[in-house]
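In: This is a predicted model, with the sequence first.
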Amino acid sequence: MTDLRFLTTPGFYLQLWTLLLLVVSLRLTLSTLTRRLRSVPGAVSAGLSVCAYAFFQYCIEMMLRDRRPPAAAFLVPALLTPVLLVLALRRRRGKDALTRDSVKESIDSLKTGLLCARPSGVVKLKNETMEALCREVTGAELSDGETFWRAVSTGALLGGAEALETGERPIVRLPDGRVFGFSRRPIDVEGETLFEILAADMTEEYRITRQLIEKEKQADAINCRLRDLGESITDMTIARERLAAKIRIHDDLGTALLGTRLYLSGEEGVTKESLLSLWRQCVTLMRLRDTPDDAPCPGDGAPEEICARLGLRLVLTGDLPEAALPAHILRLGVWACATNTLRHAGGDALYLACEETPENIVFVFTNSGAPPVGPIVEGGGLGNLRREVERAGGEMTVSSVPVFRLVIKLERKDPS
């Protein structure tokens with residue numbers, strides 16, 4: 001049977017105290033040595049624990065020799081052990097506490113430059129990034145915050161640095177190609193006004209911005225060339241249409257002269273009415289040859305009068321509008337489509353369909369003659385007509401396939 005009487009002996013408890021103090025002593029001693037004795041409480045507690053350990057070993061040896069140990073052998077452990085434990089706990093908690101050195105190390109590790117200075121220029125706080133930037137852009141150490149900001153904001157740089165922008169938001173390119181943007185603002189620190197200067201690395205942002213600017217310039221150049229090409233195409237189309245009109249006038253005059261000769265010679269099949277209609281059309285074409293495309297509609301005549309004046313037949317489907325604004329838009333549309341019929345299609349009739357609904361009034365124009373050979377270019381006549389229609393709040397669409405077709409849609413202001 002195991003003898004447990006040793007648990008009641010004083011030597012057993014002294015051995016426990018000795019073991020506990022040994023662990024605490026070693027922990028504090030190792031921690032102090034790794035910190036190079038930076039903590040005075042840790043060094044003192046480690047020394048006390050070593051001394052107490054030696055004293056307890058002495059007491060144990062006396063008890064083993066049947067000698068009575070001093071009373072302090074029992075009081076010292078009871079008082080010294082809690083003190084050492086408190087010191088150990090404070091030592092461990094101090095590792096996670098913020099100190100001046102930890103704050104400075106964190107600021108120096110930032111890639112953003114930081115500087116805090118008084119209005120007079122006296123530097124209160126700076127990090128290594130800002131110090132390196134100061135040496136690169138000014139060639140001197142960072143000792144005066146106001147002088148440093150004046151050099152950066154005015155572009156008075158040295159050492160190969162280049163000021164890309166100056167003023168309140170300066171941008172500087174370093175010799176190695178990095179780009180930094182600077183900013184300054186006043187801050188209040190415990191009642192004292194300081195200026196905070198920040199320097200952010202914006203190399204990638206600046207590169208992307210430059211690429212976007214170059215692409216915008218290229219796009220503008222392409223747009224200019226496209227506009228010039230469009231104007232050239234418009235001029236060429238107008239010139240081609242005018243040439244075709246002149247050729248048609250020449251052919252019609254030849255046809256009219258030949259018909260007149262046949263009529264005077266008594267040739268059968270040539271009537272007086274058809275010959276007069278042909279001559280009227282030739283005279284109208286010659287008159288329109290010198291009329292610009294954007295010539296205004298003459299007078300306030302009805303659509304039938306406008307077409308009769310130009311020698312065209314008007315084929316009307318539906319009823320003409322009575323309101324002033326739709327009637328005005330309709331006269332402009334008749335004039336533009338009638339002149340285009342004579343100039344470009346060589347037709348003798350203009351077809352107009354008028355349709356009214358409770359909400360809208362719609363005009364549809366078509367004509368006889370040759371269909372367009374390509375997309376219709378809106379010149380002065382159709383262009384002016386479109387502006388008038390849109391000014392009245394309407395819509396206008398023009399198509400060329402399979403035949404010329406112009407549709408004007410107006411909102412009905414006065415439904416009845």
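Out: In hand now; what should we look at?

In: Residue 113: what's it in contact with?
Out: 127, 129, 130, 133, 180, 197, 198, 199, 200 (Cβ atoms under 8 Å, 6 or more residues apart in numbering). C-beta: built from backbone N, CA, C; applies to glycine.

In: low-confidence ranges in the stretch 251-400 of the chain?
Out: 252, 268-269, 277-278, 280-300, 380 (pLDDT under 70).

In: What are the boundaries of the strands in it?
Out: Along the stretch 251-400 of the chain, counting by DSSP state E, counting those that start in this stretch, strands occupy 313-317, 349-356, 360-367, 395-399.

In: Nearest to residue 122, out of the ones you listed?
Out: With Cβ to Cβ as the measure, strand 395-399 is the member of the strands of the stretch 251-400 of the chain nearest residue 122 (71.7 Å).

In: what packs against that closest one?
Out: helix 380-391, strand 405-411 (3 or more Cβ pairs under 8 Å, 6 or more residues apart in numbering; DSSP states H and E).

In: how big is the angle separating it from strand 360-367?
Out: With axes from the mean of the first three to the mean of the last three Cα atoms, to 10 degrees defining the directions, strand 395-399 sits at 20 degrees from strand 360-367.

In: Give me the distance between the residue nearest to residue 410 when sequence neighbours are not counted and residue 173.
Out: Nearest residue to residue 410 in three dimensions, chain neighbours excluded: residue 394, at 4.1 Å (Cβ to Cβ, 6 or more residues apart in numbering). Residue 394 sits 56 Å away from residue 173, taking Cβ to Cβ, to the nearest Å as the criterion.

In: Give me the contacts around the host helix or strand of residue 200.
Out: Assessed by DSSP states H and E, residue 200 sits inside strand 192-201. Residues from elsewhere that reach strand 192-201 (Cβ under 8 Å, 6+ apart): 111-119, 124, 129-130, 133, 145-146, 148-149, 178-188.

In: before we move on, the earlier item: nearest to residue 344, of the helices and strands packed on strand 395-399?
Out: Across those, closest to residue 344 is helix 380-391 (Cβ to Cβ), at 10.8 Å.

In: Tell me what angle the closest one forms with strand 405-411.
Out: Computed by the same axes, to 10 degrees, the angle separating helix 380-391 from strand 405-411 equals 20 degrees.

In: what helices or strands is helix 380-391 leaning on?
Out: If contacts are counted by 3+ Cβ pairs under 8 Å, 6+ apart, helix 380-391 sits against helix 324-340, strand 395-399, strand 405-411.

In: what's the closest of the ones you listed to residue 384?
Out: The nearest among these, by Cβ to Cβ, is helix 324-340 at 7.5 Å.

In: what's the angle from the closest one to strand 313-317?
Out: Orientation check (the same axes, to 10 degrees): helix 324-340 against strand 313-317 gives 140 degrees.

In: could I have helix 324-340 exported to CSV, CA atoms only?
Out: Only the C-alpha atoms of helix 324-340 are listed here, as CSV (Å, rounded to 0.1, in the frame of the first residue of the first chain):
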residue,chain,number,x,y,z
ALA,A,324,-53.0,76.4,-89.1
LEU,A,325,-49.9,74.5,-87.9
PRO,A,326,-50.6,71.2,-89.8
ALA,A,327,-51.6,73.1,-92.9
HIS,A,328,-48.3,75.1,-92.8
ILE,A,329,-46.2,71.9,-92.3
LEU,A,330,-48.2,70.3,-95.2
ARG,A,331,-47.4,73.2,-97.6
LEU,A,332,-43.7,72.9,-96.7
GLY,A,333,-43.8,69.1,-97.3
VAL,A,334,-45.6,69.6,-100.7
TRP,A,335,-43.0,72.1,-101.9
ALA,A,336,-40.0,70.0,-100.8
CYS,A,337,-41.4,66.8,-102.3
ALA,A,338,-42.6,68.4,-105.5
THR,A,339,-39.3,70.1,-106.3
ASN,A,340,-37.4,66.8,-105.5
